[in-house]
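Chemist: My questions are about this predicted structure, shown below with the sequence.
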Amino acid sequence: MSKELRIIPITGIEETPPGCDLGLIIYEALHTQHLTLEPGDILVVTQKIVSKAEGRIVDLNDIKPSAFARQYAKQYNKDARHVEVVLRESRRIVRMDHGVLISETHHGFICANAGVDESNVNGAEQLTLLPLDSDRSAQMLRLRLLRIVRDKQEKADIDIAIIISDTWGRPWRQAQVNMAIGVAGMEAINDYRGQYDPYGYELRVSSIAVADELAATAELVMGKIDRVPVALIRGYNYIPAEGTAQALIRNSATDMFR
């Protein structure tokens, strides 16, 4: 169990244009704050800058909406092009009601509007999409940072974890929290099944989504309008592993609400 956590906002990261070296940008921002990565550090990185760096940006002027998108948009006073992008990013529509589209993405995530977002994008006619493979994005960013650190800091034995986060709503609860959509370098879930509590009771169903908890924790220093797209979490004793956010998706056979 971790005794103390530090959560450090990483500032000074401006726009991340398509094709940029996101790992180097983050490393230089850390360096500017006189921070060096240490073994066991976790970097929580917002989906938005990852998507921008990977070119997952759509210009609405290039979108021709379908008849269904136009009909739905007219009914709820929405931009038909935006609706069309959501439909294209969806594997299936889970719920449509009161102008809200809850969809399952091609990754298997269930969220509003398939993760398509118009906030914090440079241009009113642009949208960002989720990374094509957010776990792979997390792993590639982790490996790039490790290469930079081992080269510049001459630390051959360092290891870190990466969490890519996005802001989602939750059933039965008001407001949104940050959740993990990409994980690399750590187990996303701590499984306590088979262990015993202090009273000798064997835990049978207890498993904790620590990657989601860490993503939500990082948001406390990131905010939505403060231009802090990265947070460093230090002091959490995670379980080193390849790790994936896919582990957090409930199997449809045990999902009572799917």
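Modeler: It's in. Residues are numbered from 1 along each chain as shown.

Chemist: all helices of the protein, in order?
Modeler: Under the criterion DSSP state H, the chain contains helices at 22-32, 47-53, 67-76, 80-88, 134-152, 210-222.

Chemist: Report the inter-axis angle for the first one versus helix 134-152.
Modeler: This means helix 22-32. Helix 22-32 and helix 134-152 meet at an angle of 50 degrees, taking axes from the mean of the first three to the mean of the last three CA atoms, to 10 degrees as the criterion.

Chemist: Can I get helix 22-32 as CSV, trimmed to CA atoms?
Modeler: Extracted in CSV, the C-alpha atoms of helix 22-32 (Å, rounded to 0.1, in the frame of the first residue of the first chain):
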residue,chain,number,x,y,z
LEU,A,22,5.0,14.0,-27.9
GLY,A,23,7.5,12.1,-25.7
LEU,A,24,10.1,14.8,-26.2
ILE,A,25,7.6,17.6,-25.6
ILE,A,26,6.6,16.0,-22.2
TYR,A,27,10.3,15.4,-21.3
GLU,A,28,11.2,19.0,-22.0
ALA,A,29,8.3,20.3,-20.0
LEU,A,30,9.4,18.1,-17.1
HIS,A,31,13.0,19.5,-17.5
THR,A,32,11.7,23.1,-17.5
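
Chemist: what does that helix rub up against?
Modeler: Defining contact as CB atoms under 8 Å, 6 or more residues apart in numbering, one finds that helix 22-32 is touched by 10-13, 16, 36-37, 43, 45, 49-50, 53, 141, 144-145, 147-149, 152, 230, 232. In short, each C-beta sits where N, CA and C put it, glycine included.

Chemist: what does the second one give?
Modeler: Outside of helix 47-53, the residues that reach it under the criterion CB under 8 Å, 6+ apart are 13, 15-20, 22, 57, 115, 117, 120-121, 128-131, 134, 137, 141, 164-166, 181-182, 229-230.

Chemist: Which of the residues you listed fall within strands?
Modeler: Applying DSSP state E to the contacts of helix 47-53, the entries found in strands are I57, T128, I164, S165, D166, I181, G182, V230.
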